[in-house]
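[1] Sequence first, predicted model second:
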Amino acid sequence: MSHPSPFGALRNQEFPSGYSVSSHTPLLDSASSSSAAAPVSPPKHRRRPSTVILLVMMGMLGVALLVMVAVTNVNHEPDKIPSSDFDCSTPQLDMERPMVRGVAEGVSAKSFWPLSEAGPAYPWTDKLLAWQRTAFHFQPKKNWMNGLLLYKGWYHFFYQYNPYGAVWGNIVWGHAVSRDLIHWRHLPIAMVPDHWYDINGVWTGSATVLQDGQLVMLYTGSTNESVQVQNLAYPGDPMDPLLIDWVKYSGNPVMVPPPGIKAEDFRDPTTAWLTPEGTWRIAIGSKVNNTGISLIYDTKDFKTFTLIDGVLRGVPGTGMWECVDFYPVSQIVENGLDTSVNGPGVKHVMKTSLDDDRNDYYALGSYDSDAGKWIPDDPTLDVGIGLRYDYGIFYASKTFYDEVNSRRILWGWIKETDSEKADIQRGWASLQAIPRTILFDKGTGSNLLQWPVKEVERLRLNKKVFDKVEAKAGSVVHLDVGSASQLDILAEFDVDEEAPNSLNGTDMTCGCSSSATRGALGPFGLLVLADNALSEQTPVYFYISKDTQANFTTFFCADHSRSSQAADVDKKIYGSAVPVLEGEKLSMRILVDHSIVESFAQGGRTCITSRIYPTKAVYEDAKIFLFNNATDSDIAEPTKWRNLVSTALAAAAVAAFSSNIPVLADLNRFEAETRGEFGIGSAAQYGSADLKFVSKAVHVNENFRRANFTAADMRESDFSGSTFNGAYLEKAVAYKANFSGADLSDTLMDRMVLNEANLTNAVLVRSVLTRSDLGGAVIEGADFSDAVIDLPQKQALCKYASGTNPVTGISTRKSLGCGNTRRNAYGSPSSPLLSAPPPKLLDRDGFCDSETGLCDAS
């Protein structure tokens, strides 16, 4: 279905008058409370590249250590390290071309058309496919898998997911929660296509927290006629920190394609922001002919929306805009801003995912709230034609504001670039990149800085320093860190000050050429996921060029051309120019997580995400090398390598069930060592075993860590002294069960029956007991620190709570927050993010009765 377009002259921004959709049911009442390498214009600020210092954090199994080692060059046969003279006519691999697979939607299916023609399908073994699965990136347990929000102390991630297969289709909303953006607990599917307005799929959406604390979710649905409409949903129980139940608004859809917009070109609403007049405003991606646009709507109640004249922004030639994002960044302070902030010292970021080339573009500019217009600072770097978030396999990203940590976090989707046949054989496809913080780059004034969230650093364990590493021109240096499948590398290079004098204005000016080329200053960098013979390798590198006006340009690249011996996978070269300011050293950070390599140059000015499919450089055969393919320069000492491994990364080498598991340990270190609180990133949902019990069974001092006991019959069974850390106990019936001295920390016990259960001296730290029944439970000495418990249940427990846990030393009353301040009336002292109780439950000073635990003012 299409409409005559009144959007005739887009250059003049002539758009129709406001368009509104009315609904008749209250929202919430009190009862329902492309191309691979894309060089950009050389940056204005340049430095003269000047000896290379290399500082690296890498992954290695074993005990923490600090070692000083001299590393010498390793000689490889010439045919093992291909190189060639620089030649701008050398063609680059270009394998990507959009291909329709199903209807259009926010996260599109894989579209690498030549893969079926690239050669015979590689004979993948189960062992090779198992290695590809990441350890600290988020991905579902199986099948095909974009908003993120923080609510009552939990990060919530809602993602598009096909529960029935590892290919695009049958899109529902998966749901997972985390305390730290690294350890994730998968929850039941949040929304499914079950109404006429979303029967073709529940697509991309965004959440908004209103001023009164209510949470609303707008999402795109596709009707049976493939008309894209916008719908409203809200939590079925706003007091539930896990947001398990969602209710679709009875007046859906709240927005339909306006006149002039095709039915299939209207999707992906943004998080709303407040205007100075106090109304809420959102943006939606669309296009008119081949001009990508962002429509804007105003609303006061999220039921009725009015289309604002004109567009927030439109750029000819960019095609359909998907997953539009719009948010402020501070030019002054180094922290994130709430979406509604505007004024002096603030720039606004306009971001879009281009459906035509599957890349995420952004631009900085100024936002005129009165006119409803965003204007780029530099029209030549407008959104869709200038800068990208990432120059690799990264798409359909969204940001959200983390008000607790005052940061804006970006999350993007990593698609597959192999064959669909391999996806089906593997049983899963695609995953999420590591969450990144977003800051304005005060150095250039024209870039954003992206950096992995600080929580990733808690996953490091071992330190190892290699000193006096020297990489002569044309050399490759092996860095022996054992298995190099999971690394966090930080490298810093300082090029010989005399080296740039050899550049003659014709070196390396064609963007990201192959790492095997030889230029006066590069390529040089690291070979990750390389086997010992270098038959497979993924180089991440810099090289420097100089034009005829003596301007230097530094490129940052990732070369996939020799990353795999499989013929039916993507083997492009990715990258772009990266600004390097006067006095800066060349620096890169690389996260390696099995088949995912995420690379960040110059503090995150340029980023590249790689999906790699090695056949030889896997498990213990994955190595790392320093290389220098320059013809004239040496990468010289003082070069230092500092090795920090994530304990999470060592998880594969540690027994999942150890007889020496302590009852309580530091979460980030211990949980990572033993495969994660909820599974690091993607680790199996809730456990490695599905055990069934019969009532009155005896399982004393047994280890059920991360096991799945959904709806298990545990009545009158004896589990004293047993370990259930991270187990899944939703809807289990444990009437009169004995959990005395048991470790129940980090368990999901939602809707669990614990009537008259014995929890004496049990550790329930960080457990989730929402909607569970603990009537008559014995809790003397139990530690409920940071546990999530319904307020009425907590008040009832406080009436008789007593004792001190012998392991943690925490009193039961203190762990429950009995008799404490307003904050603790609905959360323990270390969980201030749980919502405060309703005002009617508080006395005038915000305190509860220390004897009864009740908070009623009477």
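    Everything's here; your move. Numbers count the residues shown, from 1 in each chain.

[2] Then residue 587 would be within a helix, right?
    No: assessed with DSSP: H, G, I helix; E, B strand; the rest coil, residue 587 is strand; it does not lie in a helix.

[3] Counting neighbours, what do you get for the residue nearest to it when sequence neighbours are not counted?
    Distances taken as C-beta to C-beta, 6 or more residues apart in numbering put residue 492 closest to residue 587, at 4.6 Å, once the chain neighbours are dropped. Every residue, glycine included, has its C-beta placed from N, CA and C. As a burial measure, residue 492 scores 17 neighbours (other C-beta atoms under 10 Å).

[4] distance between the helix or strand hosting residue 492 and the chain's centre?
    Taking DSSP states H and E as the definition, residue 492 sits inside strand 486-493. On the basis of C-alpha atoms, centre = their mean, to the nearest Å, strand 486-493 sits 20 Å off its chain's mean C-alpha point.

[5] ditto for stretch 473-481
    Relative to its chain's centre, stretch 473-481 lies at 32 Å (C-alpha atoms, centre = their mean).

[6] buried set for stretch 158-178?
    158-162, 165-168, 170-178 (16 or more other C-beta atoms under 10 Å).

[7] what number of residues lie near the residue nearest to residue 317 when sequence neighbours are not counted?
    Counting by C-beta to C-beta, 6+ apart, the nearest residue to residue 317 once its immediate chain neighbours are dropped is residue 290, at 5.9 Å. Counted with other C-beta under 10 Å, residues neighbouring residue 290 total 12.

[8] same question, residue 345
    For residue 345, the tally of surrounding residues (other C-beta under 10 Å) stands at 13.

[9] The residue nearest to residue 587 touches residue 585, doesn't it?
    Yes: with contacts defined as C-beta atoms under 8 Å, residue 492 counts as touching residue 585 at a distance of 5.2 Å.

[10] re earlier: direction included, what does the strand holding residue 492 pair up with?
    strand 586-593 (antiparallel) (DSSP bridges).

[11] After the partner strand, which helix or strand is next? Please name it.
    Under the assignment DSSP H and E, the closest C-terminal helix or strand after strand 586-593 is strand 596-601.

[12] So what's the gap between that next one and the chain middle?
    That offset, for strand 596-601, works out to 13 Å (C-alpha atoms, centre = their mean).

[13] Report the secondary structure element holding the nearest residue to residue 324 once chain neighbours are set aside.
    Among residues not flanking residue 324 along the chain, residue 285 sits closest, at 4.3 Å (C-beta to C-beta, 6+ apart). Secondary-structure assignment from DSSP H and E places residue 285 in strand 280-288.

[14] Give the other helices and strands that that strand contacts.
    If you count contacts as 3 or more C-beta pairs under 8 Å, 6 or more residues apart in numbering; DSSP states H and E, strand 280-288 packs onto strand 266-267, strand 273-274, strand 291-299, strand 321-330.

[15] In a markdown table: these, plus distance to residue 234.
    Below are the helices and strands packed on strand 280-288 laid out as a markdown table (distance: least, C-beta to C-beta, whole Å):
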| stretch | distance to residue 234 |
| --- | --- |
| strand 266-267 | 20 |
| strand 273-274 | 18 |
| strand 291-299 | 14 |
| strand 321-330 | 22 |
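
[16] Which members of the buried residues of stretch 158-178 are positioned in strands?
    158, 159, 160, 161, 172, 173, 174, 175, 176, 177, 178 (DSSP state E).

[17] Quick check: neighbours of the helix or strand where residue 410 lies in the sheet, parallel or antiparallel?
    Using DSSP H and E, the element containing residue 410 is strand 407-414. Strand pairing for strand 407-414, using DSSP bridges, gives strand 395-402 (antiparallel), strand 431-432 (antiparallel), strand 436-440 (antiparallel).

[18] what sits up against it?
    The contact list for strand 407-414 (C-beta atoms under 8 Å, 6 or more residues apart in numbering) reads 107, 137, 145-146, 148, 157, 181, 327, 329, 335-337, 360, 389-390, 393-402, 430-433, 435-438, 450, 453, 596, 609, 611.

[19] which of those residues are buried?
    With burial judged by 16+ other C-beta under 10 Å, the buried subset of those is 107, 137, 145-146, 148, 157, 181, 327, 329, 336-337, 360, 389-390, 393-402, 430-433, 435-438, 450, 453, 596, 609, 611.

[20] Quick check: phi and psi at residue 816.
    Dihedral angles of residue 816 (phi, psi; degrees, to the nearest 10) stand at phi -90, psi -10.

[21] ok, for it, nearest residue in space, not its chain neighbours?
    Nearest non-adjacent residue to residue 816, counting by C-beta to C-beta, 6+ apart: residue 784, 5.1 Å away.

[22] go on, residue 383?
    Leaving aside its chain neighbours, residue 383 sits nearest to residue 363 (4.2 Å; criterion: C-beta to C-beta, 6+ apart).

[23] Against residue 310, how distant is that neighbour?
    To residue 310, residue 363 is 18 Å away according to C-beta to C-beta, to the nearest Å.

[24] before we move on, what about residue 132?
    Applying C-beta to C-beta, the value for residue 132 to residue 310 is 47 Å.

[25] Out of the strands paired with strand 407-414, which gets the lowest mean score?
    Lowest mean pLDDT of those: strand 431-432, a mean of 92.

[26] want to try TSV for the helices and strands packed on strand 280-288, with mean pLDDT as columns?
    Below are these laid out as TSV (pLDDT from 0 to 100):
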stretch	mean pLDDT
strand 266-267	97
strand 273-274	98
strand 291-299	98
strand 321-330	97
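
[27] which one of those lies closest to residue 723?
    With respect to residue 723, and counting by C-beta to C-beta, the nearest of the helices and strands packed on strand 280-288 is strand 321-330 at 42.1 Å.

[28] In the stretch 1-150 of the chain, where is pLDDT below threshold?
    1-119, 142-146 (pLDDT under 70).

[29] so what pLDDT did the residue nearest to residue 587 get?
    In this model, residue 492 is scored at 86, pLDDT.

[30] same thing with the one 5 residues further on?
    You'll see residue 497 listed with a pLDDT of 64.

[31] domains of the protein?
    Domains of the chain are assigned by the TED database as 145-452, 461-632+643-653.

[32] coming back round to it: neighbour count: residue 363 and residue 310, which is higher?
    A count of neighbours by other C-beta under 10 Å puts residue 363 above the other of residue 363 and residue 310, at 28 against 19.

[33] what pairs with that one across the strands?
    Going by DSSP bridges, residue 363 forms beta bridges with residue 350.

[34] give the contact list for it.
    Residue 363 makes contact with 349, 350, 351, 376, 377, 378, 381, 382, 383, 386, 387, according to C-beta under 8 Å, 6+ apart.

[35] Filter those down to the buried ones and hand me the ChimeraX line.
    Buried residues within the contacts of residue 363, by 16+ other C-beta under 10 Å, are selected in ChimeraX with:
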select :349,350,351,376,381,382,383,386,387
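
[36] Quick check: the farthest pair among the contacts of residue 363?
    351 and 378, at 15.5 Å, using C-beta to C-beta across those.

[37] So the residue nearest to residue 816 sits against residue 818, correct?
    No: between residue 784 and residue 818 there is no contact, the gap being 10.0 Å when judged by C-beta under 8 Å.

[38] what is in contact with those two at once?
    The contact sets of residue 784 and residue 818 overlap at residue 797 (C-beta under 8 Å, 6+ apart).

[39] Which of these two has more residues huddled nearby?
    The residue with more neighbours, out of residue 784 and residue 818, is residue 784; 30 against 26, by other C-beta under 10 Å.

[40] so where is the chain shaky, pLDDT-wise?
    1-119, 142-146, 463-468, 496-510, 632-695, 820-858.

[41] which residues of it fall in helices?
    For the chain, applying DSSP state H gives helices covering 126-132, 420-426, 672-673, 791-798, 812-816.

[42] Quick one: closest of those to residue 460.
    helix 672-673 (9.4 Å).

[43] how far away is the closest residue to residue 211 other than its chain neighbours from residue 440?
    Residue nearest to residue 211 in three dimensions, not counting chain neighbours: residue 274, with 8.0 Å by C-beta to C-beta, 6+ apart. Separation of residue 274 from residue 440 (C-beta to C-beta): 21 Å.
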